[in-house]
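[1] Make a model of this:
(2 chains)
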Amino acid sequence: MIKIKDISKAFGDKTVLDGISAEFDKGKTNLIIGSSGTGKSVLLKCIVGLINPDEGRVFYDLRNFTEADKEIKSEIRREIGMLFQGGALFDSKNVEENVMFPLDVLTKMPLDEKRDRANLCLKRVGLENSNQKAVSEISGGMKKRVGIARAIVNNPNYLFCDEPNSGLDPQTSILIDELIHEITHELDITTIVVTHDMNSVIGIGENIIFLYKGHKLWEGNHTEITHSGVEELDDFVFANKVMSQMRKQ
Amino acid sequence: MSGFGKYMIFLGSLFVRRESFATYYKLVLEECIQIGINSALLFILVSTFIGAVTTVQTAFNMVSPLIPRFVISQVVREMTVLELAPTIMALIYAGKIGSSMAGGLGTMRITEQIDALEVMGINSSSYLVLPKIIASVLMYPLLVILAGVCALVGGYLVGTVAGILTPTEYVSGLRFSFNPTEISFALTKSFVFAFLIASISSFKGYFTKGGALEVGIATTEAVTTSVISILLADYLLANLLLR
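    Model prediction:
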């Protein structure tokens, strides 16, 4: 479980996050949603420690991450897997080497074992025949899947996904969403996904928090989101034509 | 001044939360190949031509029959050892290796590869930059020695083939009143320049913000700042070590 308490962050005069508190449960796909520029990615970066919040604290299973020293932070981070918006794969390595990378650096596993583990993860994301391909040779959807394989190779306790569907076609988006959802349940981990894709929200949102102009306006799940009674959330949810038509019916 | 302070903090960060020795060994080896082997041809080519041209131009300027011909190779030797091999080559090295380091790290920054390392609990600056600095400090002095030898060989070939001076005159000029301290001076300079180029270029690349345009700007800044720091360090070292 991840708990955030009163997280605030400003860049100069602009307040991006204002006193956000939430709990993200283990074994659930937790979503942070909101329009572009509402601070979703900044909140995610505050949670993983890539940005230091001005105020507030982040707890990983009751361990205070924000106030921990660098060694403790480093230990907690070794329990984290993260899928970045663009994949963030290392250009100098091929697909298999990218997936093996966390094991290379963080463990003393023998090479064969590392290779087996990497191939198992690649198979899990449906990329068993792409081991030797260069990162530049694979598509956007494949990069996301390699990113997921790399994120889970070290058996993380926490999985973070920043806009996993950005730049993907609707079918691939659904595949990526389902993959993240299945992995969360299979490994029984705490997953946080930042998205503004309504397909993801309806498809995998077991616990959703809605951000609006740096504030948390609503919290619930995918069955509750269409009748929240929050005007800003309704504007966000029904901005999609399909959703809008569903509402009229 | 804040930039200098940030640079010093950045240097300090290279030595905390390091990875295992085996990890660095492999990375340093890869960087040595990238920096050393892949730059050797350029260094050979440039230094050979500089040595050859220096010989021709020195001969052209020595019009007095009272000056013995071997002085030409003595001048070539002095120029090569003191400035051409360590300093002029450092400017070329900053252009080739410094820009590559800044561009590579800048691209890693904007594509979130550095963030990915940090999230994994790896000290990204130590993991990415320390091997570059170590490899640079190891390889650049070797490249300077190679450049020095090539410049002298270039001068010899042009001098003897063009009939400017005989092989005996050239070799005796190289040996005449030779001061071995100059070699240690050149090598000291090469260590300092290698450190400056690798650390400044990495610093500029590591803290790139924005997109492709900013990577280009960071690369240009890396080369410019490296070149200025080389010239300043050259002057300071000459004052310190040659008095």
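[2] State the helix or strand in which A:Leu120 lies.
    helix A:111-124 (DSSP states H and E).
[3] Show me the contact partners of the next helix-or-strand element following that helix.
    Downstream of helix A:111-124, the next assigned helix or strand under DSSP H and E is helix A:140-152. With contact meaning C-beta atoms under 8 Å, 6 or more residues apart in numbering or on different chains, helix A:140-152 is reached by A:81-84, A:86-89, A:95, A:98-99, A:101-102, A:118, A:121-122, A:124-127, A:130, A:135, A:138, A:159-161, A:164, A:167-169, A:172, A:175-176, A:179-180, A:183, A:187. Quick note: C-beta positions are derived from backbone N, CA and C, even for glycine.
[4] can you give me the angle helix A:140-152 makes with helix A:111-124?
    130 degrees (axes from the mean of the first three to the mean of the last three C-alpha atoms, to 10 degrees).
[5] Quick check: buried residues in helix A:140-152?
    Across helix A:140-152, burial judged by 16 or more other C-beta atoms under 10 Å in any protein chain shown covers A:Gly141, A:Met142, A:Lys143, A:Lys144, A:Arg145, A:Val146, A:Gly147, A:Ile148, A:Ala149, A:Arg150, A:Ala151, A:Ile152.
[6] need the next SSE after that helix, C-terminal direction.
    strand A:158-162.
[7] what is the rounded mean pLDDT of that next one?
    Taken as a whole, strand A:158-162 has a mean pLDDT of 94.
[8] List the neighbouring strands of that strand plus their orientation.
    Partners of strand A:158-162 in the sheet, by DSSP bridges, are strand A:80-83 (parallel), strand A:190-195 (parallel).
[9] which residues touch it?
    Contact with strand A:158-162 is made by A:2, A:41, A:44, A:47-48, A:60, A:79-85, A:148, A:151-152, A:180, A:183-184, A:187, A:189-195, B:119, as judged by C-beta under 8 Å, 6+ apart.
[10] Just the buried residues of the contacts of helix A:140-152.
    Among the contacts of helix A:140-152, the ones that count as buried by 16+ other C-beta under 10 Å are A:81-84, A:86-89, A:95, A:98-99, A:101-102, A:118, A:121-122, A:124-125, A:127, A:130, A:135, A:138, A:159-161, A:164, A:168, A:172, A:175-176, A:179-180, A:183, A:187.
[11] which helix is the longest one in chain B?
    helix B:124-161 (DSSP state H).
[12] Which positions within that helix qualify as buried?
    Using 16+ other C-beta under 10 Å as the test for burial, helix B:124-161 gives B:124-141, B:143-152, B:154-156, B:158-160.
[13] quick one: average pLDDT of the longest helix anywhere in chain A?
    The longest helix of chain A (DSSP H) is helix A:170-187. Mean pLDDT, computed over helix A:170-187, is 89.
[14] Need the CA coordinates for it. CSV is fine.
    C-alpha atoms of helix A:170-187 as CSV (Å, rounded to 0.1, in the frame of the first residue of the first chain):
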residue,chain,number,x,y,z
PRO,A,170,-7.1,2.0,-29.3
GLN,A,171,-6.6,-1.8,-29.7
THR,A,172,-3.0,-1.7,-28.5
SER,A,173,-4.1,0.6,-25.7
ILE,A,174,-6.6,-1.9,-24.5
LEU,A,175,-3.9,-4.7,-24.7
ILE,A,176,-1.5,-2.6,-22.6
ASP,A,177,-4.2,-1.8,-20.0
GLU,A,178,-5.2,-5.4,-19.7
LEU,A,179,-1.6,-6.4,-19.3
ILE,A,180,-1.0,-3.9,-16.5
HIS,A,181,-4.3,-5.0,-14.8
GLU,A,182,-3.4,-8.7,-15.1
ILE,A,183,0.1,-8.3,-13.8
THR,A,184,-1.1,-6.3,-10.8
HIS,A,185,-3.4,-9.1,-9.8
GLU,A,186,-0.9,-11.9,-10.6
LEU,A,187,1.9,-10.4,-8.6
